[in-house]
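>>> Curious how this folds, go ahead:
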Amino acid sequence: MTEDLAKFAKENNIKYFMVSYTDLFGGQRAKLVPAQAIAGMQADGAGFAGFATYLDMTPAHPDMLAVPDPSSVIQLPWKPQVAWVAANCVMNDQKVDQAPRNVLNRLLAQASDMGLRVKTGIEAEFFLLSRDGSVLSDEYDNAAKPCYDQQAVMRRYDVIEEICDYMLELGWGPYQNDHEDANGQFEMNWEFDDALRTADKHSFFKFMVKSVAEKHGIRATFMPKPVEGLTGNGCHAHISVWDTAGKNNAFTDDSNELGLSEQGHHFLGGIMRHASAMAAITNPTVNSYKRINAPRTVSGATWAPNTVTWSGNNRTHMVRVPGPGRFELRLPDGAVNPYLLQAVIVAAGISGLNKKADPGKRHDIDMYAEGHTVKDAPQLPLNLLDAIRTYKQDTELCEAMGEEFSNAYFKLKMQEWNSFCSHFSDWEKTNTLDV
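Model prediction:
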């Protein structure tokens, strides 16, 4: 575990550090710092104007300092003279409570105080498009059911191989890569880890995938629904909770149904209880609701939920329990903020543990074919406005995520929604000119 960035630079021939933080909308912001200056940055932070990014600040605010966390440092495999390092934001010697990595750190500290260590893995799907984003990068990737298509994945071998080789080099433990359910869509999986490390890796993964794609003259996107009629980009999260030593899985109980312990059921109960409000964070864009409320796709299924239900090893539900000691949340999409994804999972889970929440009835039906028979399960929000309002109404979740964060997020997301509503679309002309 790196503690001294200047020492790391000398040992690894680093010329520059990218001191990076993630804003409320998932934008990764960085300053390129010469290795000779990194000791001062590690002590005091790199200065940013918070208002210039998606944070609820004004031009009159003082400098926001991004203080690098040396334990997160990653040497860029494709440009080894540069290292990326995640930073925690401070202002006037105080943590910026709305900054996503700070939100996550605070919630993980709460979990630790309860004797719990949250571990997660994510499945970040992405499309490979032409450089301008207008068409798929592979014109021959046009099968009706392209999932796991070996010809299609091998036509993009150069990109997938390079990214996977880098993950192997970084010690992430990648274990499978595949062509996903949409034409032009891919997924790459690596081993689960502590929630903060997963969030840092998730951030870096998005940066790496986009960088490698650009190197090959194409464009990678994690946009939830970039192509009409095709399956959207999910970001499924696999969740387990361990003791603070990380040796014993508190979710495992072989005597219980599905191998999920009482604590696991309560944590799941918190997720189910707050799911509709969580959508404002797990599905944070206007486009997100083209994925979770989509009609049947070309391949035959959206693989996305629109109802708050859970099941065993059944992918048609919002949550599935694929094996003992963990469950998979299938709600998040590719636009989710890596730090806020982990934070809202922890917040909802802690709520469930504190209230001994019941996850409700387990359903084992095919929700895509028989979902209409489930009458008592909440529907997920239909659009971003519904999601934002539902989040605002869930005062318990808002408080858990932090008052400053929740107020800032609500304010900026309402501005985004209002901007969308003021946009004049071709649909309006097509359907209204002859009224």
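
>>> Could you use CA atoms for every contact and neighbour count after this?
Fine.

>>> Return the distance of the helix or strand harbouring W242 from the chain's centre.
Here W242, judged by DSSP states H and E, is contained in strand 235-243. Relative to its parent chain, strand 235-243 has a centroid offset of 13 Å by CA atoms, centre = their mean, to the nearest Å.

>>> before we move on, what about stretch 241-261?
Relative to the centre of its chain, stretch 241-261 is centred 24 Å away, using CA atoms, centre = their mean.

>>> and if you look at stretch 303-322?
When distances are taken as CA atoms, centre = their mean, stretch 303-322 is centred 18 Å away from the chain's centroid.

>>> Name the surrounding residues that touch that stretch.
Contacts made with stretch 303-322 from outside it, assessed by CA atoms under 8 Å, 6 or more residues apart in numbering, are listed as 231, 234, 258, 272, 275-276, 291-293, 323, 327-331, 361-364, 366-368, 377-381.

>>> Mind doing that once more with 7 Å?
By CA atoms under 7 Å, 6 or more residues apart in numbering, the list of residues contacting stretch 303-322 from outside reads 272, 275, 291-293, 327-331, 362-364, 366-368, 377-380.

>>> The following helix or strand past the strand holding W242 - what's its average pLDDT?
Elements were assigned by DSSP H and E; along the chain past strand 235-243, the next helix or strand is helix 262-282. Averaging pLDDT along helix 262-282 yields 98.

>>> Please apply the same query to stretch 298-316.
In this model, stretch 298-316 carries a mean pLDDT of 94.

>>> Show me which positions of it end up buried.
Of the residues in stretch 298-316, those scored as buried under the neighbour-count criterion (16 or more other CA atoms under 10 Å) are 298-299, 302-316.

>>> what do you get for stretch 137-146?
When burial is assessed from 16+ other CA under 10 Å, stretch 137-146 yields the following buried residues: S137, D138, D141, P146.

>>> Same question for stretch 18-28.
Of the residues in stretch 18-28, those with enough neighbours to count as buried (16+ other CA under 10 Å) are M18, V19, S20, Y21, T22, D23, L24, F25, G26, Q28.

>>> Pick the one among the residues you listed closest to F205.
Within those, the smallest distance to F205 is 11.8 Å, found for Q28 (CA to CA).

>>> now the helices for the stretch 101-250 of the chain?
When assigned using DSSP state H, counting those that start in this stretch, the helices of the stretch 101-250 of the chain occupy the ranges 150-155, 157-170, 195-215.

>>> Just give me how far the first one sits from the chain centre.
It refers to helix 150-155. Relative to its chain's centre, helix 150-155 lies at 26 Å (CA atoms, centre = their mean).

>>> mind listing what's buried in that helix?
Within helix 150-155, the residues that qualify as buried are A152, V153, counting by 16+ other CA under 10 Å.

>>> could you say what helices and strands that helix packs with?
On a contact count with 3 or more CA pairs under 7 Å, 6 or more residues apart in numbering; DSSP states H and E, helix 150-155 meets strand 174-179.

>>> Return the angle between stretch directions for the strand it packs on and helix 157-170.
Angle, strand 174-179 to helix 157-170, by axes from the mean of the first three to the mean of the last three CA atoms, to 10 degrees: 160 degrees.

>>> chain center to strand 174-179, what's the gap?
With CA atoms, centre = their mean, you get 18 Å for strand 174-179.

>>> and if you look at stretch 95-102?
What separates the centre of stretch 95-102 from the centre of its chain is 17 Å, taken as CA atoms, centre = their mean.

>>> Run through who's touching it.
Contact with stretch 95-102 is made by T22, D23, L24, N88, C89, V90, V103, Y339, L340, E404, F405, A408, as judged by CA under 7 Å, 6+ apart.

>>> right, and the secondary structure at the third one would be what?
In this case it means L24. Judged by DSSP: H, G, I helix; E, B strand; the rest coil, the three-state class of L24 is coil.

>>> confidence score at the closest residue to L168 other than its chain neighbours?
Taking CA to CA, 6 or more residues apart in numbering as the measure, L168 lies nearest to P174, with 6.3 Å between them; neighbours along the chain are not counted. As predicted, P174 sits at a pLDDT of 98.

>>> Which residues are in contact with P174?
Taking CA under 7 Å, 6+ apart as the criterion, P174 is in contact with C164, M167, L168, N189, W190, E191.

>>> In ChimeraX, select just the buried ones from these.
Buried members of the contacts of P174 can be picked out in ChimeraX with the line below, counting by 16+ other CA under 10 Å:
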select :164,167,189,190
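
>>> buried sites along stretch 380-388?
Residues L380, P381, N383, L384, L385, D386, A387, I388 are the ones in stretch 380-388 that count as buried (16+ other CA under 10 Å).

>>> ok, how many other residues are close to K429?
Taking other CA atoms under 10 Å as the criterion, the count of residues near K429 is 11.

>>> Report the separation between V344 and N102.
Plainly put, V344 is 13 Å away from N102 if you go by CA to CA, to the nearest Å.

>>> More neighbours: which of the two?
For the pair V344 and N102, the greater number of neighbours falls to V344 (26 against 21), based on other CA under 10 Å.

>>> The helix or strand hosting the more buried one versus strand 235-243: what angle between them?
Assigning secondary structure by DSSP H and E places V344 in helix 338-355. For helix 338-355 against strand 235-243, the angle by the same axes, to 10 degrees is 50 degrees.

>>> show me the contacts for K119.
Taking CA under 7 Å, 6+ apart, one finds F192, D193, D194, A195, I239, S240, V241 in contact with K119.

>>> And for the third one, the neighbour number?
By other CA under 10 Å, the residues close to D194 number 18.

>>> Need the pLDDT of the closest residue to it other than its chain neighbours.
Once its chain neighbours are removed from consideration, D194 has its nearest residue in K119; the separation is 4.3 Å (CA to CA, 6+ apart). According to the per-residue confidence, K119 scores 98 in pLDDT.

>>> Give me the below-cutoff pLDDT ranges for the stretch 101-250 of the chain.
Within the stretch 101-250 of the chain, no stretch falls below the threshold (pLDDT under 70).

>>> Please read the previous query as pertaining to the stretch 301-435 of the chain.
Segments of the stretch 301-435 of the chain classed as low confidence (criterion: pLDDT under 70) are not present in this model.

>>> Would you map the strands across it?
Chain-ordered strands for the stretch 301-435 of the chain, with DSSP state E, counting those that start in this stretch as the definition, fall at 310-311, 319-323, 326-329.

>>> Could you name the stretch from these that's closest to D56?
For these, the distance to D56 is smallest for strand 326-329, at 29.1 Å, taking CA to CA.

>>> Strand partners (parallel or antiparallel) of the closest one?
strand 235-243 (antiparallel), strand 319-323 (antiparallel) (DSSP bridges).

>>> Any chance of those in TSV with distance to N249 and mean neighbour count as columns?
Listed next are the strands paired with strand 326-329 as TSV, based on distance: least, CA to CA, whole Å; neighbours: other CA atoms under 10 Å:
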stretch	distance to N249	mean neighbour count
strand 235-243	4	23
strand 319-323	13	20
